[in-house]
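Engineer: sequence below, structure please.
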Amino acid sequence: MLRGLFVAAALTVGGVAFGSMGASAAPTSTNLSGAALPQMSLIEKTQHRYCRRWYRECRARWGGGRDFRRCMRRHGCG
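Structural biologist: Have a look, this model is predicted:
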């Protein structure tokens with residue numbers, strides 16, 4: 001009885017762990033035209049404003065080149 005319970009539990013855990021992997025491989029988009037529609041969330045819009053501000057600041061400080069790119073990366077925009 002106890003061995004059967006362990007086998008059933010192992011099969012259930014294995015089915016949950018490996019059964020959901022195939023389901024995530026299929027694309028979830030129903031767009032049949034082939035053109036991807038942009039999906040900007042509120043976070044992406046806010047990040048864009050944040051990075052635009054830092055782009056101007058880093059460009060004014062460093063001009064361009066390696067220091068400008070380092071400044072942008074330091075603020076999470078590069």
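
Engineer: in space, what's closest to residue 50 - neighbours in sequence excluded?
Structural biologist: residue 77 (7.3 Å; Cβ to Cβ, 6 or more residues apart in numbering). Placement of C-beta: from N, CA and C, glycine included.

Engineer: which residues sit in contact with the one you found?
Structural biologist: Neighbouring residues of residue 77 by Cβ atoms under 8 Å, 6 or more residues apart in numbering: 47, 50-51, 54-55.

Engineer: so how do I select the buried members of those residues in PyMOL?
Structural biologist: Buried residues among the contacts of residue 77 (16 or more other Cβ atoms under 10 Å), as a PyMOL selection:
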select buried, resi 51+54+55
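
Engineer: inside helices: which ones of the contacts of residue 77?
Structural biologist: Counted as lying in helices by DSSP state H, out of the contacts of residue 77, are 47, 50-51, 54-55.

Engineer: any idea which of the residues you listed is least confident?
Structural biologist: Looking at these by pLDDT, the weakest one is residue 47, with 74.

Engineer: what distance do you get for that residue to residue 76?
Structural biologist: Relative to residue 76, residue 47 is positioned 8 Å away (Cβ to Cβ, to the nearest Å).

Engineer: going by distance to residue 70, which of the ones in helices among the contacts of residue 77 wins?
Structural biologist: Nearest to residue 70 among the ones in helices among the contacts of residue 77 is residue 54, at 12.0 Å by Cβ to Cβ.

Engineer: so what's the closest one up against?
Structural biologist: 71-72, 75, 77.

Engineer: go again using 10 Å as the cut-off
Structural biologist: 71-72, 74-78 (Cβ atoms under 10 Å, 6 or more residues apart in numbering).
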